[in-house]
Structures are given as C-alpha cells and as structure tokens.
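Enquirer: let's see this in three dimensions:
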Amino acid sequence: MNELGAINPYFFVVGCPRSGTTLLRRMLDAHPRLAMMPRETHFIPRIYERRAGLTAGGEVTPALVDELLADRHFARLGIAREALEQLLTPEEPTPYARFVSRIFDLQGRARERELVGDKTPGYVRHLPTLHILWPETRFLHLIRDGRDVCLSLLSWRKGPRLAGRFSSWAEDPVSTAALWWEWHVRLGREDGWSLGPARYRELRYESLVSNPGRECLALCHFLGVSYDDAMLRFHRGRERAEPGRSAKGAWRPVTAGLRDWRTQMPVGDTERFEAAAGALLEELGYERALPSPSPAATTRAARLRERFARELAAREQTVPEVFAR
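Expert: Numbers count the residues shown, from 1 in each chain. So this is what the prediction gives:
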C-alpha cells in the first residue's frame, strides 16, 4: 500500500494485442502521478493459477524467487535476487498478491509516483484472476476495429507465434486472426462487465487517436486523478527520426490512420474476416463492408470457428459464451 492508501497494481491496461495498448501505456506513463511497469509482466496470473512457487492457499514460498528469476519476462524488469528476497517476510506468510504489490511499489518509488499500472494486453484473458488478487484494481480495456488488428497481426513477426498457434492459421490466417481477435475482446467484455463501471472501462482506439484530449480526461476521471496534458506530450524528447522506423519505434505523437483496412485490406480478406467475426464488429458499432458474406465464406467461417473453439477447450483456455453456442 502506498502513502495515499491505494494498493498497487492500481490498474491494468488490457486488450487484444495490436490494438494500440503501447500508445495508451505511454500516455498514461506521462501523467505525473502515474507510473507504468517498464515491461509487460506476463507472469502474474500464470504463477497464481498454477501455484508455481506458492502454497495451495496462494502464499509465497522461497521457491517463488527462483521461479521469477527464471522467467524471461520478469528478467526484463531488472530486479535483482536480493531485492526480491527483501520483499519476503519470513516471520509470517506472505500472500502472493501482497508480494506482487511490493514489486509494483518498487517501480513507484523509483519513479517517485504513487500509482503504478501495468500494460500486458493478454491479461484481457485473466481478468477474474487479477480481480481475485486485487479486488479494487481497475481495468482499461482498449478495443480496436478487428480488421485493422488483423492487418497489423499479419505483418507482425510475432503473429505466427500467437494466432499461429491455432491449426487454422496455416489454412486461413485472416479468418484465424478474426477469431483470435474476437476471443480476446469477448472474454474481456464478458468478465469486465461483471466488475461494474467503477472497476472496468472500455476505450476505443479510434476515439483515442481522433480526440486524445477528451479521452485522456475521461481516463483520468476513471482512475481518480486530475487530468494533466502531459499525457498528450508523451513523445516529447523521445522522437527518433531514423528512416524505416515504425510509428511505435519512432515515438510519434498520436497519429490517426496508421492502419486502414478500407484501403489496405483486399476485398476477399475483408469478406473472410467479416464472415468470421462480423457479429462482434456490429455489436461494437463498426460498420461492415459486406453485410451479407457469400454462403461459401459463411460455411468456411463456421467450420473454422468450431475448430478454434475445440482447440481452446483442449488447451484449457476459457471459451467465450458465444463460441460455445
């Protein structure tokens, strides 16, 4: 618990990967009262759900230190063994949530900021676990038009390692990307809505880049801090002008139109994507280019959806309710 009585992690930024969460992270990190973890953590729900280095009741054992130091994501945080061991309290059991809070507090003290958040997009699939650990924490769920997410995923070197884990990727990466996007977004919404508006807030990427001042004001209200326009100047002094850098690598200011499926996605790909995930596009208010996909596209999408859901279940991954129908 920090000096204001708030428990860190104070909030999580989540969403389907390639939805703009790095931009949102940088904007939040520029706020004078907020600090973001320097890297995506990844380990938090995995360790708790598997009880790795923990007792059955979720209390820390000395083995947790070794477990963390062996984790490649944790290693990027740059926390030494001695610092971790100092977070343990040998005289009494340390709940896992309290131990992780102390790790976040380290970042807060280093940055001289009270409230510390984390941006790990994949945590959108673990909201219930994180809520159990920290019932008061807040979740910012960033949602982007899935067709733009698909474009980004297909050109991303990590794409085959993520969505490519599903067997349908080899047959149809576009439809697989659509189902992969829908899986993340639906899980976040299903779990987030149950937490209520004080703990869960959805934000559209398109609104963030078209009206960043308005959206940052609303974000600050949700997080209980005063608005500061430093959030819009997150890029100052960090820009990199070398040719060939991506917008992320170049630290560009908020820039709309970096992806535009309307001009960059072939019509056939658009049809396959919308046949697979068009219902969610409509629920979110995104206009479909092809309201009535061909029977062949619809049949193909239904077959791939069934396969996708089977693979989720086989891997003991949570299946969204609509996938199970």
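
Enquirer: buried set for stretch 186-204?
Expert: By 16 or more other CB atoms under 10 Å, the buried positions in stretch 186-204 come out as 186-189, 191-192, 195, 199-204. Every residue, glycine included, has its C-beta placed from N, CA and C.

Enquirer: what's in contact with that stretch?
Expert: 14-15, 24, 124-125, 127-128, 131, 136-144, 215, 219, 222, 280, 284, 318, 320-323 (CB atoms under 8 Å, 6 or more residues apart in numbering).

Enquirer: first to last residue in that stretch, what's the distance?
Expert: The distance separating the two terminal residues of stretch 186-204, taken as CA to CA, to the nearest Å, comes to 14 Å.

Enquirer: let me see the mean pLDDT of it.
Expert: The average pLDDT within stretch 186-204 is 97.

Enquirer: help me confirm that Thr298 comes into contact with Ala275.
Expert: Yes: between Thr298 and Ala275 a contact is recorded at 5.4 Å, counting by CB atoms under 8 Å.

Enquirer: read off the pLDDT value for Ala30.
Expert: With respect to pLDDT, Ala30 has a value of 97.

Enquirer: distance check, the closest residue in space to it that isn't next to it in sequence against Asn8.
Expert: Closest residue to Ala30 apart from its sequence neighbours, by CB to CB, 6 or more residues apart in numbering: Phe234 at 3.9 Å. Here the distance between Phe234 and Asn8 works out to 21 Å (CB to CB, to the nearest Å).

Enquirer: list the contacts of Leu69.
Expert: Shown in contact with Leu69 (CB under 8 Å, 6+ apart): 75, 81, 84.

Enquirer: ok, now which ones touch the second one?
Expert: Residues in contact with Arg81 (CB under 8 Å, 6+ apart) are 65, 69.

Enquirer: phi, psi of it?
Expert: Dihedral angles of Arg81 (phi, psi; degrees, to the nearest 10) stand at phi -60, psi -40.

Enquirer: more neighbours: which of Phe234 and Asn8?
Expert: Asn8 (25 against 20; other CB atoms under 10 Å).

Enquirer: was I right about Arg51 contacting Gly58?
Expert: Yes: counting by CB under 8 Å, Arg51 does reach Gly58; the two are 7.2 Å apart.

Enquirer: for stretch 317-325, which residues meet the burial criterion?
Expert: Taking 16+ other CB under 10 Å as the basis for neighbour counts, the residues of stretch 317-325 that come out buried are 318-320, 323.

Enquirer: for the record, mean pLDDT for it?
Expert: 85.

Enquirer: begin at 65, not 1, for the rest of this chat.
Expert: Sure, I'll start counting at 65 from here, so that last one is stretch 381-389.

Enquirer: can you list contacts of that stretch?
Expert: If you take CB under 8 Å, 6+ apart as the criterion, stretch 381-389 is touched by 189, 246-247, 250-251, 254, 343, 369, 372-373, 376-377.

Enquirer: quick one on the thing from earlier: list only those of the contacts of stretch 250-268 flagged as buried.
Expert: 78-79, 88, 188-189, 191-192, 195, 201-208, 279, 283, 286, 344, 382, 384, 387.

Enquirer: inside strands: which ones of those residues?
Expert: Among the buried ones among the contacts of stretch 250-268, the members falling in strands are 78, 202-207 (criterion: DSSP state E).

Enquirer: closest to the centroid, which residue in the chain?
Expert: Central residue check for the chain by CA atoms, centre = their mean: the C-alpha nearest the mean position is that of Pro185, 1.5 Å away.

Enquirer: now do that residue, the pLDDT please.
Expert: Confidence at Pro185, expressed as pLDDT, is 98.

Enquirer: quick one: it from Val77, how far?
Expert: Per CB to CB, Pro185 is found 8 Å from Val77.

Enquirer: for the two, list the residues in contact with both.
Expert: Thr85.

Enquirer: and stretch 292-307, C-alpha only, in PDB?
Expert: This file holds the C-alpha atoms of stretch 292-307, laid out as PDB (Å, rounded to 0.1, in the frame of the first residue of the first chain):
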ATOM      1  CA  ASP A 292      -2.700  16.600 -17.000                       C
ATOM      2  CA  ASP A 293      -2.000  17.500 -20.600                       C
ATOM      3  CA  ALA A 294       1.500  16.000 -20.200                       C
ATOM      4  CA  MET A 295      -0.300  12.800 -21.400                       C
ATOM      5  CA  LEU A 296      -0.600  14.300 -24.800                       C
ATOM      6  CA  ARG A 297       3.100  15.300 -24.900                       C
ATOM      7  CA  PHE A 298       4.400  11.800 -24.100                       C
ATOM      8  CA  HIS A 299       6.600  11.800 -27.200                       C
ATOM      9  CA  ARG A 300       8.500  15.000 -26.500                       C
ATOM     10  CA  GLY A 301      12.200  14.400 -26.400                       C
ATOM     11  CA  ARG A 302      11.900  10.800 -27.400                       C
ATOM     12  CA  GLU A 303      11.200  11.100 -31.200                       C
ATOM     13  CA  ARG A 304      13.500   9.100 -33.400                       C
ATOM     14  CA  ALA A 305      13.800  10.300 -37.000                       C
ATOM     15  CA  GLU A 306      15.700   7.300 -38.500                       C
ATOM     16  CA  PRO A 307      14.000   6.200 -41.700                       C
END
